[in-house]
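K.L.:
predicted coordinates and the sequence they were generated for:
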Amino acid sequence: MNHPGRYWHRLDDGRIQCDLCPRYCRLHEDQRGACFVRMREGDQIVLTTYGRSSGFCIDPIEKKPLNHFLPGTSVFSFGTAGCNLACKFCQNWDISKSRDMDRLMDAASPAEIARTASVHGCRSVAYTYNDPVIFAEYAIDTAIEVHKLGLKNVAVTAGYITEEARGEFFEHMDAANVDLKGFTDEFYVRLCGAHLQPVLDTLVWLVHETKVWVELTTLLIPGQNDSDDELTRLAQWVCRELGPTVPLHFSAFHPDFKMTDIRATPPETLRRARRIALDQGLRHVYTGNVHDVEGDTTHCTGCGAPVIVRDWYEILDYRLDPQGCCQACGQQLAGRFEAFGKPFGARRIPVGIHRGEYRSV
């Protein structure tokens, strides 16, 4: 059943405008927005994927990626279908670009998701795989139930959301990894069907006006957004507008969707990007989708000692106290930390939710 949507208003010409994302889709009866999952039904906007998921899985929190938010813990991850961007390089295109609602086989209420995450010992729930902005009502209702059980909420998002909607959505999120896909509007228009400025506005607002812990990810695509000049300007902006301790992840692209003619990102490109960002003053810069222990490791901003040593999603050494202070010099690390126990590791555990039964699959 379709769920009533928020964030819309009627126009004088009879159409209804969706106010959730900066596309501001104007819809006639039975017309869907660019995200495909929000549509006009009668005299309102409805969400067609409420309570329906493309699958549930338990992941390491480092996979989101979040390196400074409850390190070593497990996160219950799920998404739906559709997306409000049109990235030609989408790495999850089978989910985000899906037009087949029948693929959403796993049905679960917000309360069931929260209970399942708790039963499996997860410390948080991640709204991911496709962008949670487009299933905001489902994500918000679930996040409320998650908080009732003492767990945290994580949004993995492109940050393409309006000022009208972002307050309520992020009010219920404890952390976010935001994709900063490039640092030119030309890149966003040509390869994402969107614009850069709304993403920058969301990032500045998140870091300075909310309590949400924020990390950034930029997928580096050879010849598209990986020049020294663009990487320098991106790092300078992050350092100046967000602050030097906001973590930045550079991730490797692999040929997929509509960009199969471009080679995978060489590991050296990620290391070069990391060096540039560190040279511009950022303190926590990581490499992703490659084997690079140095690029996975968190260093103390005081004494420079390695305080979290990682290999992919495995934590090999952890030297922070429960408050996130360096055990060598006492420097407080930027992030959200708690007592560190046995790390969850690099496992990925699919989970099914069926008639109130919660089981691994």
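P.N.:
In hand now; what should we look at? Fair warning: this is a prediction, and the values are worked out from it, not measured in the lab.
K.L.:
what is the end-to-end distance of stretch 117-130?
P.N.:
One end of stretch 117-130 to the other measures 19 Å (CA to CA, to the nearest Å).
K.L.:
which of the residues in that stretch are buried?
P.N.:
117-118, 120, 122-130 (16 or more other CB atoms under 10 Å). For the C-beta atoms, the positions are set from N, CA and C on the backbone; glycine is no exception.
K.L.:
per the annotation, how does this protein divide into domains?
P.N.:
3-47, 53-284+335-360 (automatic domain parsing).
K.L.:
and the last one, how far out from the chain's middle?
P.N.:
It stands for domain 53-284+335-360. Taking CA atoms, centre = their mean, to the nearest Å, one finds domain 53-284+335-360 lying 1 Å from the centre of the chain it belongs to.
K.L.:
need the buried residues of stretch 117-130 in a markdown table with secondary structure, can you?
P.N.:
Listed next are those as a markdown table, based on DSSP: H, G, I helix; E, B strand; the rest coil:
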| residue | secondary structure |
| --- | --- |
| Ala117 | helix |
| Ser118 | helix |
| His120 | coil |
| Cys122 | coil |
| Arg123 | coil |
| Ser124 | strand |
| Val125 | strand |
| Ala126 | strand |
| Tyr127 | strand |
| Thr128 | coil |
| Tyr129 | coil |
| Asn130 | coil |
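K.L.:
and the domains of the chain, which one's lowest on average pLDDT?
P.N.:
Lowest mean pLDDT within the domains of the chain: domain 53-284+335-360, a mean of 92.
K.L.:
ok, the closest residue to Ala339 other than its chain neighbours - contacts?
P.N.:
Leaving aside its chain neighbours, Ala339 sits nearest to Pro322 (4.2 Å; criterion: CB to CB, 6 or more residues apart in numbering). Residues in contact with Pro322 (CB atoms under 8 Å, 6 or more residues apart in numbering) are 337-340.
K.L.:
next: Leu234.
P.N.:
Each residue near Leu234 by CB under 8 Å, 6+ apart is listed here: 180, 183, 218, 277.
K.L.:
I'd assumed the third one was in a helix, is it?
P.N.:
Yep, that's Thr218 we're talking about. No. Judged by three-state DSSP, Thr218 forms no part of a helix; its state is strand.
K.L.:
and it, what does it touch?
P.N.:
Neighbours of Thr218 in contact, by CB under 8 Å, 6+ apart: 179-182, 225, 234, 248-251, 273.
K.L.:
ditto for the last one
P.N.:
Taking CB under 8 Å, 6+ apart as the definition of contact, the neighbours of Ala277 are 231, 234-235, 238, 248, 250, 285.
K.L.:
any idea which of those residues has the most stuff around it?
P.N.:
Neighbour counts for the contacts of Ala277 (other CB atoms under 10 Å) peak at Phe250, which has 28 neighbours.
K.L.:
in its sheet, what does the helix or strand hosting that residue sit against?
P.N.:
Per DSSP states H and E, Phe250 falls inside strand 248-252. Within its sheet, and counting by DSSP bridges, strand 248-252 is paired with strand 213-220 (parallel), strand 285-288 (parallel).
K.L.:
tell me who's in contact with the most centrally placed residue in the chain.
P.N.:
Per CA atoms, centre = their mean, the C-alpha nearest to the average position across the chain is that of Val156, at 1.4 Å. For Val156, the contact set (CB under 8 Å, 6+ apart) comprises 64, 126-129, 131-132, 176-177.
K.L.:
how about a cut-off of 7 Å?
P.N.:
Applying CB atoms under 7 Å, 6 or more residues apart in numbering to Val156 gives the contacts 64, 126-128, 177.
K.L.:
show me where the stretch 201-350 of the chain has helices.
P.N.:
Per DSSP state H, counting those that start in this stretch, the stretch 201-350 of the chain carries helices over the ranges 228-237, 267-279, 293-296.
K.L.:
may I see those arranged in TSV, with distance to Val46 as well?
P.N.:
As requested, the helices of the stretch 201-350 of the chain are exported to TSV (distance: least, CB to CB, whole Å):
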stretch	distance to Val46
helix 228-237	38
helix 267-279	42
helix 293-296	42
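K.L.:
of the ones you listed, which is nearest Ile113?
P.N.:
helix 293-296 (29.5 Å; CB to CB).
K.L.:
list the buried ones in that closest one?
P.N.:
Of the residues in helix 293-296, 295-296 count as buried by neighbour count, 16+ other CB under 10 Å.
K.L.:
any residues touching it, and which ones?
P.N.:
For helix 293-296, the surrounding residues in contact (CB under 7 Å, 6+ apart) are 270-271, 274, 286-287, 309-312.
K.L.:
so which pair among those residues is furthest apart in space?
P.N.:
Going by CB to CB, the pair spanning those furthest: Leu270 and Val309, at 18.1 Å.
K.L.:
more crowded one of the two?
P.N.:
Ranked by neighbour count (other CB under 10 Å), Leu270 and Val309 place Leu270 first, with 24 against 17.
K.L.:
I'd guessed the more buried one sits against Val290; true?
P.N.:
Yes. Look at Leu270 against Val290 with CB atoms under 7 Å: they come within range, at 5.8 Å.
K.L.:
shared neighbours, the two?
P.N.:
Ala252.
K.L.:
sort out which residues of stretch 26-37 are buried, please.
P.N.:
Buried residues in stretch 26-37, defined by neighbour count with 16+ other CB under 10 Å: 27, 32-37.
K.L.:
if I pick Gly223, what's in contact with it?
P.N.:
By CB under 7 Å, 6+ apart, the residues touching Gly223 are Ile262.
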